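Chemist: Here is my input, please return the structure:
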Amino acid sequence: MVKVNKKYKDRLFRMVFNRKEELLSLYNAISHSEYTNPEELEINTLEDVIYMKMKNDLAFLIDDVLNLWEHQSTWNPNMPVRGTLYIVEEYRRYIEQNGLNLYGSRLITLPIPQFYVFYNGLKEEPDYIELKLSDAFSRVHSELEPCMEFKAIMMNINRGHNEGLMKQCSTLREYAEFVARIRERTKDGTALGTAVEDVMDSCIRDGVLAEFLSIHRAEVFEVLLTEYDEQRHIADEKELSRREGKEEGRAEGTLEKAHEVAVNLFAKGISAEEAALICGEDSSLVAEWHREWEAAK
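Modeler: Numbering: from 1, shown residues only. Sure thing, here's the model as predicted:
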């Protein structure tokens with residue numbers, strides 16, 4: 001597991017939306033609600049769930065809805081898997097804190113889960129994507145219906161995206177503008193430290209997160225210097241593109257062809273282990289094919 005630098009308490013997104021008033025504003029924009037009392041929020045941030053040196057961002061409970069929010073600067077298709085683990089942990093806490101009896105004769109009541117991921121990476125993505133846990137399930141037994149599902153809603157919060165949401169939540173719009181300005185300043189080779197200082201000056205002057213940056217200037221500077229590693233981010237994006245290209249280069253139907261070849265090998269007395277080597281497929285998958293073939297004989 002990647003170690004977290006304990007010297008730096010938070011990422012910028014969490015810093016900006018640390019106040020309940022800002023949280024409620026963003027919640028109203030997303031849910032199209034009109035709550036006015038920030039004290040209705042019960043913040044239950046998971047402090048020990050870590051992914052890519054990042055803590056799970058925001059979790060709060062309002063009107064019997066459990067909202068889990070996470071900020072991501074890199075695209076990741078495993079968001080529903082992580083979200084499932086986060087929600088299970090939140091439910092464990094909720095059950096424990098409210099003294100609910102899982103073994104009683106009455107059905108317990110749990111708040112409805114919602115998982116939103118706020119994405120502002122460099123890879124171009126649509127405004128809104130719905131990802132499902134079932135996308136990660138094995139396709140070996142396609143005849144079986146999964147006993148569970150979980151959805152992650154990814155919202156692109158880069159400048160120029162989700163304009164309706166940005167209009168309803170000015171803090172989110174200003175956050176997106178701040179991040180965009182830093183990226184623009186570093187594109188021409190300007191050192192990150194200089195870029196951060198210049199952008200903070202320009203944003204304060206232009207009324208972009210002005211109060212927040214004025215109060216937390218030193219903290220923001222430290223957080224960005226440590227967490228906003230643009231070169232590493234670009235390297236990650238290149239590696240991701242390389243993997244995607246390799247996967248896309250694999251012809252559609254290759255797996256089906258491998259299955260056909262494996263079955264023919266089984267019929268000739270070839271073991272599953274040897275067939276896996278010949279087909280170039282995962283040994284556990286070929287072993288499953290062999291079990292299915294044996295059962296069908």
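Chemist: alpha carbons only for contacts and neighbour counts from here, please
Modeler: OK.
Chemist: ok, the residue lying closest to M148 once chain neighbours are set aside - contacts?
Modeler: Nearest residue to M148, sequence neighbours excluded (Cα to Cα, 6 or more residues apart in numbering): S134, at 7.9 Å. By Cα atoms under 8 Å, 6 or more residues apart in numbering, the residues touching S134 are 146, 148-150.
Chemist: ranking these by neighbours, who comes first?
Modeler: With neighbours taken as other Cα atoms under 10 Å, the top of the contacts of S134 is F150, carrying 17 neighbours.
Chemist: Could I get the buried residue list for stretch 269-282?
Modeler: For stretch 269-282, burial by neighbour count (16 or more other Cα atoms under 10 Å) applies to 272, 275-276, 279.
Chemist: ditto for stretch 85-96
Modeler: Residues of stretch 85-96 classed as buried: 86-87, 90, 94-95 (neighbour count, 16+ other Cα under 10 Å).
Chemist: got TSV for those, with distance to V263 too?
Modeler: As requested, the buried residues of stretch 85-96 are arranged in TSV below (distance: Cα to Cα, whole Å):
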residue	distance to V263
Y86	41
I87	41
E90	46
Y94	50
I95	49
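Chemist: Of all pairs in those, which one spans the longest distance?
Modeler: Greatest spacing in the buried residues of stretch 85-96, by Cα to Cα: Y86 and I95 (14.4 Å).
Chemist: Let me see the ranges of the strands in the chain.
Modeler: Assigned by DSSP state E, the strands in the chain fall at 42-43, 50-51, 54-55, 58-62, 65-72, 112-119, 128-132, 151-156.
Chemist: Now do the contacts for the residue positioned nearest the centre of the chain.
Modeler: With distances taken as Cα atoms, centre = their mean, M79 lies nearest the centre of the chain, 4.1 Å away. With contact taken as Cα under 8 Å, 6+ apart, M79 is in contact with 117, 131, 152.
Chemist: Could you say which of these is surrounded by the most neighbours?
Modeler: For these, the largest number of neighbours (other Cα under 10 Å) sits with A152, at 24 neighbours.
Chemist: what about stretch 139-147, start to end distance?
Modeler: Chord length of stretch 139-147, first to last residue, is 14 Å (Cα to Cα, to the nearest Å).
Chemist: Give me the residues contacting that stretch.
Modeler: Outside stretch 139-147, the residues within contact range by Cα under 8 Å, 6+ apart are 134, 285, 288.
Chemist: rewinding a little: any idea how far the residue nearest to M148 is from V81?
Modeler: Taken as Cα to Cα, the span from S134 to V81 is 9 Å.
Chemist: can you check E288 too?
Modeler: E288 is 24 Å from V81, where distance means Cα to Cα.
Chemist: Tell me which of those two has more neighbours.
Modeler: The neighbour comparison of E288 against V81 (other Cα under 10 Å) goes to V81, with 19 against 14.
Chemist: give me every residue that touches the more buried one.
Modeler: Per Cα under 8 Å, 6+ apart, neighbours of V81: 133, 136.
Chemist: Can you check the pLDDT for it?
Modeler: Listed pLDDT for V81 reads 93.
Chemist: okay, stretch 100-107 in CSV with CA atoms only?
Modeler: Extracted in CSV, the C-alpha atoms of stretch 100-107 (Å, rounded to 0.1, in the frame of the first residue of the first chain):
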residue,chain,number,x,y,z
LEU,A,100,-29.1,-2.1,15.1
ASN,A,101,-29.5,-5.8,15.6
LEU,A,102,-28.6,-7.8,12.5
TYR,A,103,-29.8,-11.0,14.0
GLY,A,104,-33.2,-9.9,15.3
SER,A,105,-36.6,-10.7,13.8
ARG,A,106,-37.2,-7.2,12.5
LEU,A,107,-35.8,-5.8,9.3
